[in-house]
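[1] Would you be able to build a 3D model of this:
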Amino acid sequence: MTIEVSCGPGIRHVNVDYNPTLEDSDAGFVFPEEPRCPKSRIEVPIPRDFIGVNRVTASPDRSRRGAAVFRFEVRSGARPADLWFSTNTRDEGCSLQDVAGEADEESPRVGLFSVLPDGTRLDLCREGKAHVAAEPPGAAALVMKEGVCTLTLLRGVAEPARARSGKFRVVASYRGLHKEWPCTDPTHLRSAPRAVRKISIAEFLADPRRMDGHPAVIGRCRTVEHWNTGDCYVFSEGRGKVSDREDGRCDDAKGLRERLARAIRKGYCDIPKAGRLPGPEPE
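    Numbering: from 1, shown residues only. Prediction:
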C-alpha cells in the first residue's frame, strides 16, 4: 500500500509510525527511508497474514501534535480450510494450565485463526467476525473485544479435580466451519522456562556462536518469537522490529546470528546517546 505525505509550512521532518502486526512487542516499523518534505510517497508493507483494522500515523518533527492518522481495513474473501485455537499462542488446543491464574490477574489472551489452504493463518480475534464461546457457559468466559480474545475460568473450574477432567470446551464457527477443542490440564507436560542468553555486543562480535539459542539478548536487541507464526525476529528497544524483511525459524542458529549481525551493523543494538534513538538518523 502506498500513501503520500505532504508537509505544511515550516515542517522539515515527518515521523511515520506503523505497527504492522498490532502486537505489543512490535512497537513500530522501521521504514528504509523517512519521508522527505515537502512531499513524499512511502510504501506501507501489510503482512500476508494480516486481517482487520490498522493505522499509519504521520507526525511533524517527531511531535504528536498535529498528527495525521490514516486508517485502513484488510478483509479476506478466501474460504478457510481449517480453524486453529490456542491458549498459549504456540500449540493448538485448550490447556487450563495456561489460563488458570488468580482472580485479580488480567485475563489470559488466547488465539483463534482461520487457516487458508496454503497454511496462512488469519487472526479472527483481530477481525472480530467469528463466533467463539466456551461450553457450558458457566465454566469459562471467552470474550472477543477490540481485536483481542481472552479466556477466564469461572469459579470452581480451576480446581484440580475438575481441571484434569476437562469439564468444558471451546467452540468456534466461521464461514461454514465449526470446530471445538476440549480444555485439559496436561501438568505432566509442563516444562521449565527457557533461559535467556545475554551477552554484550563485543562478545557477540568476538564469537557469534555464543548467542546460539532463543531467547537471546545482545545490547538493546533481543530475539522475539512471533506469537502467530512461531518464527523469530530481532527487536530493538526504542525502535521496534529491526530485522529486515523475512523472519526465520527460532532453531535456525545461523539465521538468527545473521539477523542480529545486520542489526548491530546498522546501530540498532547500541546504547543510544541522550536525545536520540539507536540506529541511523533520517536524512
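[2] and Gly267, how many residues sit next to it?
    Look at Gly267: counted by other C-beta atoms under 10 Å, it has 17 neighbours. (Glycine included, C-beta is placed from N, CA and C.)
[3] same thing with Pro60?
    Applying other C-beta under 10 Å, we find 19 residues neighbouring Pro60.
[4] Quick check: closest non-adjacent residue to Cys221.
    Of all residues not flanking Cys221 in the chain, Cys269 sits nearest, at 3.9 Å (C-beta to C-beta, 6 or more residues apart in numbering).
[5] try Thr57
    Closest residue to Thr57 apart from its sequence neighbours, by C-beta to C-beta, 6+ apart: Asp17 at 4.5 Å.
[6] quick one: the one you found and Ser40, what's the gap?
    Distance from Asp17 to Ser40, counting by C-beta to C-beta, to the nearest Å: 15 Å.
[7] Would you map the helices across the chain?
    Applying DSSP state H to the chain gives helices spanning 96-99, 124-127, 160-165, 201-206, 253-265.
[8] Nearest to Arg71, out of those?
    Checking these against Arg71 by C-beta to C-beta gives helix 124-127 as the closest, at 14.0 Å.
[9] so Arg249 makes contact with Gly255?
    Yes - the pair Arg249 and Gly255 qualifies as a contact (C-beta atoms under 8 Å) at a distance of 6.9 Å.
[10] Give me the more crowded residue out of the two.
    Gly255 (17 against 13).
[11] who touches the more buried one in this structure?
    Taking C-beta atoms under 8 Å, 6 or more residues apart in numbering, we find Gly255 in contact with 248-249.
[12] Need the contact partners of stretch 55-75.
    Contacts of stretch 55-75 (C-beta under 8 Å, 6+ apart): 1, 3, 5, 7-8, 11-18, 35, 44, 46, 50-54, 127.
[13] Narrow the residues you listed to those that are buried.
    Buried members of these, counted by 16 or more other C-beta atoms under 10 Å: 3, 5, 7, 13-18, 35, 44, 50-52, 54, 127.
[14] What is the nearest of those to Ser173?
    Nearest to Ser173 out of the buried ones among the contacts of stretch 55-75 is Glu127 (C-beta to C-beta; 13.7 Å).
[15] residues contacting that closest one?
    Counting by C-beta under 8 Å, 6+ apart, Glu127 touches 51-52, 75.
[16] could you check the distance from it over to Thr87?
    19 Å.
[17] cool, Cys269 as well?
    33 Å.
[18] do the same with Ile42
    To Thr87, Ile42 is 38 Å away according to C-beta to C-beta.
[19] Same drill for the two, tell me which one is more crowded.
    Thr87 (23 against 20).
[20] which one is the more buried one nearest to, not counting chain neighbours?
    Nearest residue to Thr87 in three dimensions, chain neighbours excluded: Asp98, at 3.9 Å (C-beta to C-beta, 6+ apart).
[21] Tell me, how many residues neighbour the one you found?
    Residues near Asp98, counting by other C-beta under 10 Å: 20.
[22] Likewise for Thr2?
    Thr2: 7 surrounding residues under other C-beta under 10 Å.
[23] Please tell me how far it sits from Phe168.
    Thr2 sits 47 Å away from Phe168 when distances are taken as C-beta to C-beta.
[24] Surely Cys183 and Leu142 touch.
    No - contact criterion C-beta under 8 Å: Cys183 and Leu142 do not qualify, at 10.4 Å.
[25] which stretches of the stretch 101-250 of the chain have low pLDDT?
    Where the stretch 101-250 of the chain drops to pLDDT under 70, the residues are 101-106, 155-166, 186-194, 227-230, 244-246.
[26] And the strands in it, which stretches?
    In the stretch 101-250 of the chain, the segments counted as strands under DSSP state E, counting those that start in this stretch are 109-115, 121-123, 131-135, 140-145, 148-153, 169-174, 177-184, 197-199, 216-218, 221-225, 232-236, 240-241.
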